[in-house]
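J.: Mind looking at a prediction? Sequence and model below.
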Amino acid sequence: MGQNAIRTQGLSKRYGSLDALTDLDLEIDEGEIVGYLGPNGSGKTTTIRLLLGLIQPTAGRGEIFGLDCQRRPVEVHQRLAYVAGEANLWPALTGLETLHLLGRVQGRVDGAYRDELIERFELDPSKKVRAYSKGNRQKVILIAALMTRSDLLVLDEPTSGLDPLMEQAFRRCVHEAKGNGQTIFLSSHIMSEVEALCDRVGILRDGRLVEMGTLAEMRHLSALTVEATFDGSIPDLTRVSGVSSVQVDGRVIRCQVRGSIEPLLKVLAASGVSELLSHEPSLEELFLALYGGDGTPESAATGAT
Amino acid sequence: MRPEPALDPTARVGRAPGSVIAVLTAHKAIRSGVLWGFIFGTFVASSAFSYVSIYRTQAQRDRLETAFGSNNATSALFGPAPQLQTVAGFTVFKVSMTLIILGAVWGLLTSTRLLRGEEECGRWELLLSGRTTRRHATAQALIGLAAGVTTLWAVTSLITVVSGLPAKIEIAAGPALFFALALVASAAMFVAVGAVTSQLAATRRQAGSYAAVVLGVSYAVRMVADSGIGLRWLRWASPLGWVEELQPLTGPRPLALLPIAAFTAALAIVAVHLAGARDLGASTIPNRSSARPHLGLLSGATGLTIRLIRPIAMGWAVAIGVSALLFGLVAKSAGVTISGSSVQQVLSRLGVTGTGVDAYLGTAFLILAVLVAFVAAGQVTAARTEESVGRLDHLLVRPVSRSSWFGGRMMVAATVLVASGVIAGVFTWLGEVSQHAGVSFTTMVAAGLNIVPPAVCILGIGALTLGAWPRATSVVVYGVLGWSLLVEIVGGIGALSHWVFDTSVFHQMATAPARPPQWTTGGVLVAIGVVSGVIGTLAFKLRDLSGE
Ligand SMILES: Nc1ncnc2c1ncn2[C@@H]1O[C@H](COP(=O)(O)OP(=O)(O)OP(=O)(O)O)[C@@H](O)[C@H]1O
Ligand SMILES: [Mg+2]
């Protein structure tokens, strides 16, 4: 029985009167890849900084591999690597010097893998950080984290600023890490990335964890999108059970179906459908649905001041 | 931590893109100009008022005149002192050199901040779209800075004119305006110097350092000119010398405005020209974008600290070494003129006793102590910057404990302070021994070490603030330093009770070599520093890391 890689109990953080994170209970097993989603200001970074011991919880506690995040930060840090979304590094050091320093401080580096990563991410390590673009600085901290092959990777928007090619290189690295049994906690706004990589997904909203599960489980909870084109008259679908968000666009009807699709199919069969399309929601649609559909949040809960 | 929303500055101020930079720069420069104008004006007013309250009788005033009127020591450090028997003459002597230097520092900091600083953090990229050229933008920024200098002059003038009104002071408005002009002339010149170095260097810090070197050389040249060794003409080789030549209130020479105006205008034109000839974000002096790796120090947090502060520490070492050497070189000629009871009376208010060379060197070491205290303050704010911009995160998410980073950083800083003290002692000795002034090596090194405790105390107070109240770090550190400095400056006139005097960290220091160093008081200062530092470390362990 492996212990949890990450475990939190009632973890909370208040800033003045603002609840940045409320009562977070999280359990992540070793070897899992977990995505962590939520709108801006919902508390993702706060969670991660609490786990790293950079800030103190107002209540609750967090453990990493059974070690208390606040009380034994140095031991915790020996087993994890962290990538921030903003790579503020020392401008006067070169990329290589930075990697050397961060490796020495970590105490554990796979040198061959580091060189391979430098090649893969096409980084010129002789340049000074001052002269790097944002994406290149991001590559430095990504390589610095990956080269340690730590048991746990905590990634907070790790690919911000990377081009699509590098984003692919990153996904490859995550797959390799999973192959090695490393655990990955990934906060991201790139849904396709989370969809492609993660075993489980947690969704935060206003500092509360509102969903947690595998993608399949979440899809089940959510609606199926159905698009039907009619030859003749358009039936009234609003009364069909399970159907919502009906939109009529000329001869085309778009709607969402929850639960059984039978009642809808019956109505459609009775009224000359010429084309029928349906698809499962993507993570993006799930996310948007959770926040009020069409990308307009139900409540203005978008955090920052 | 939270990114600022990308405002469109043109939308915000509602102007054509051509003048946005002028408006934004002026806005910031004027704000700063108002604040410093108040400080300048208050200093002028307080000097004038304390003179009339302390030196009431003509006899007292005449004694002051005979003591300092032809004193090479004070002349070398603060400039000549004509007409000390009048309020005007005394006020000019009392405030001029301090405010000239303060003005120059304000000028170079403000212009490098608003030119190179703004460009460095990418704000100009937003503004420089489409029609605005870099040359045009720099010219606009200079107009904004000129508005700042004008404000500084206006506020200083206002307070000076008003404080000149009372009958016992009686300084007419015209001369008062000219006096204020003389006080801000160095600010104008060093705004221009900063504008040029902002083109030459790629970072604000570098640009500031280049400009500071120009200031240091200017001060040194005029110091030699004023030290009574027959090189008076050298004044004309120093921008600060030109300002002295203005001789406001005592013997006005508006003609000296010519080189000042010419120097400022020429540098402004050069700056605008250089700006047009380079890329945005780039510098005239090529800033190498790659380098061979030097991994020696990069094996841990403390090694990194040493690597990061090395350039700054070297800069300070040179500045302190050169100042000390100059102080030493003129020690003999300056010390000769310190004699008579009333000199001692005034100097003794500053804690400087003794006669001749010793008394002069006591004052010189007081100035060096201030420099070393600035080194300490700079170290604390540099540590805070590591945290606030998020670079510290990269270390603290790795197996580096907070206390080892913090403690290491403070230890390195303390070592730099001790080294600065030793450099001050050794180089003063080199200067004075070459002129056969006859103070022993051990006395000089002891005097050098004697100036370390106040700086250690400031370092400790800074560490405590950084640990417990991080956002206030720079305000508190420079507040304590500025307050102590102000108390020393104002206290020299004799207007302060010893209670106030005791709040200055510098006043706690015996003014070696004029007096023997008091290692117990020094020990107390160090102990305060160490205890504050330890409490700061503990507080730092327990708190949230915080951004800006
Ligand atoms: N130091 C701080 N002081 C005050 N409030 C803070 C602080 N740090 C974060 N907050 C607030 O806490 C809330 C959560 O912020 P957090 O950075 O965790 O959001 P996030 O989910 O990471 O958002 P994003 O997707 O934009 O990165 C926000 O409302 C934010 O404004
Ligand atoms: Mg975040």
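T.: Okay, I see it. Ligands and ions are numbered 1, 2, ... in the order given.
J.: what residues are up against whatever residue of the stretch 151-300 of chain A ends up closest to ligand 2?
T.: Relative to ligand 2, the nearest point of the stretch 151-300 of chain A is residue A:156 (5.8 Å; Cβ to the ion). (Glycine included, C-beta is placed from N, CA and C.) Contact analysis of residue A:156 by Cβ atoms under 8 Å, 6 or more residues apart in numbering or on different chains lists A:44, A:45, A:48, A:82, A:83, A:84, A:85, A:187.
J.: from the residues you listed, which would you call buried?
T.: Listed as buried from these are A:44, A:45, A:48, A:82, A:83, A:84, A:85, A:187; burial here means 16 or more other Cβ atoms under 10 Å in any protein chain shown.
J.: of these, the lowest pLDDT goes to which?
T.: Lowest pLDDT within the buried ones among the contacts of residue A:156 is found at residue A:85 (88).
J.: got a list of what whichever residue of the stretch 151-300 of chain B sits closest to ligand 2 touches?
T.: The stretch 151-300 of chain B approaches ligand 2 most closely through residue B:281 (27.4 Å), counting by Cβ to the ion. Listed by Cβ under 8 Å, 6+ apart, the contact set of residue B:281 reads B:119, B:120, B:125, B:202.
J.: coming back round to it: tabulate the buried ones among the contacts of residue A:156 in a markdown table, adding columns for secondary structure and distance to ligand 2.
T.: Below are these laid out as a markdown table (DSSP: H, G, I helix; E, B strand; the rest coil; distance: Cβ to the ion, whole Å):
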| residue | secondary structure | distance to ligand 2 |
| --- | --- | --- |
| A:44 | helix | 5 |
| A:45 | helix | 3 |
| A:48 | helix | 8 |
| A:82 | strand | 13 |
| A:83 | strand | 12 |
| A:84 | coil | 9 |
| A:85 | coil | 6 |
| A:187 | strand | 7 |
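J.: Turn those into TSV, including distance to chain B.
T.: As requested, the buried ones among the contacts of residue A:156 are exported to TSV (distance: Cβ to the nearest Cβ, whole Å):
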residue	distance to chain B
A:44	12
A:45	7
A:48	10
A:82	4
A:83	9
A:84	6
A:85	10
A:187	14
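J.: Which single one of those residues is nearest to residue A:211?
T.: Checking these against residue A:211 with Cβ to Cβ, the nearest one is residue A:44 at 13.8 Å.
J.: The closest one and residue A:204, how far apart?
T.: To residue A:204, residue A:44 is 6 Å away according to Cβ to Cβ, to the nearest Å.
J.: In the chain, spot the helix with the most residues.
T.: No chain was given, so I picked chain A. Ranked by residue count, the top helix of chain A under DSSP state H comes out as helix A:164-179.
J.: To clarify, I was referring to chain B.
T.: In chain B, taking DSSP H as the definition, the longest helix is helix B:17-54.
J.: Report the buried residues of that helix.
T.: Buried residues in helix B:17-54, counting neighbours by 16+ other Cβ under 10 Å, are found at B:17, B:19-26, B:28-30, B:32-33, B:36-37, B:39-41, B:43-52.
J.: Where does the residue lying farthest from the centre of chain A sit: helix, strand or coil?
T.: Here chain A reaches farthest from its C-alpha mean at residue A:232, the gap being 44.5 Å by Cα atoms, centre = their mean. Three-state call for residue A:232 (DSSP: H, G, I helix; E, B strand; the rest coil): coil.
J.: and the gap between the closest residue to it other than its chain neighbours and residue A:231?
T.: Once flanking residues are discounted, residue A:232 sits nearest to residue A:272: 4.5 Å by Cβ to Cβ, 6 or more residues apart in numbering or on different chains. Distance of residue A:272 to residue A:231, given as Cβ to Cβ: 4 Å.
J.: Those two: which has the busier surroundings?
T.: Remark: of residue A:272 and residue A:231, residue A:272 carries more neighbours, 13 against 10, as counted by other Cβ atoms under 10 Å in any protein chain shown.
J.: Now the phi/psi pair for the more buried one, please.
T.: The phi/psi pair for residue A:272 (degrees, to the nearest 10) reads phi 30, psi 70.
J.: ok, now residue A:247?
T.: phi -120, psi 130.
J.: ok, residue A:241 - contacts?
T.: By Cβ under 8 Å, 6+ apart, the residues touching residue A:241 are A:259, A:263.
J.: mind running it again at 6 Å?
T.: Listed by Cβ atoms under 6 Å, 6 or more residues apart in numbering or on different chains, the contact set of residue A:241 reads residue A:263.
J.: Can you name the residues of the stretch 201-350 of chain B sitting close to chain A?
T.: By Cβ under 6 Å from any Cβ of the partner chain, the residues of the stretch 201-350 of chain B that approach chain A are B:289, B:290, B:291, B:293, B:295, B:298, B:299.
J.: these two touch, right, the fifth one and residue A:100?
T.: Yes: using Cβ atoms under 6 Å, residue B:295 and residue A:100 qualify as a contacting pair, with a distance of 5.1 Å.
J.: higher neighbour count, the two?
T.: Shown here are residue B:295 and residue A:100; by other Cβ under 10 Å, residue A:100 has more neighbours (21 against 12).
J.: what about the helix or strand that contains that one, near chain B?
T.: Per DSSP states H and E, residue A:100 falls inside helix A:95-106. Yes: judged by Cβ under 6 Å from any Cβ, helix A:95-106 and chain B are in contact via A:96, A:97, A:100, A:101, A:104, A:105, A:106.
J.: Make JSON lines from the residues you listed and add pLDDT to it.
T.: Below are the residues of helix A:95-106 next to chain B laid out as JSON lines (pLDDT from 0 to 100):
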{"residue": "A:96", "pLDDT": "96"}
{"residue": "A:97", "pLDDT": "96"}
{"residue": "A:100", "pLDDT": "96"}
{"residue": "A:101", "pLDDT": "97"}
{"residue": "A:104", "pLDDT": "95"}
{"residue": "A:105", "pLDDT": "95"}
{"residue": "A:106", "pLDDT": "94"}
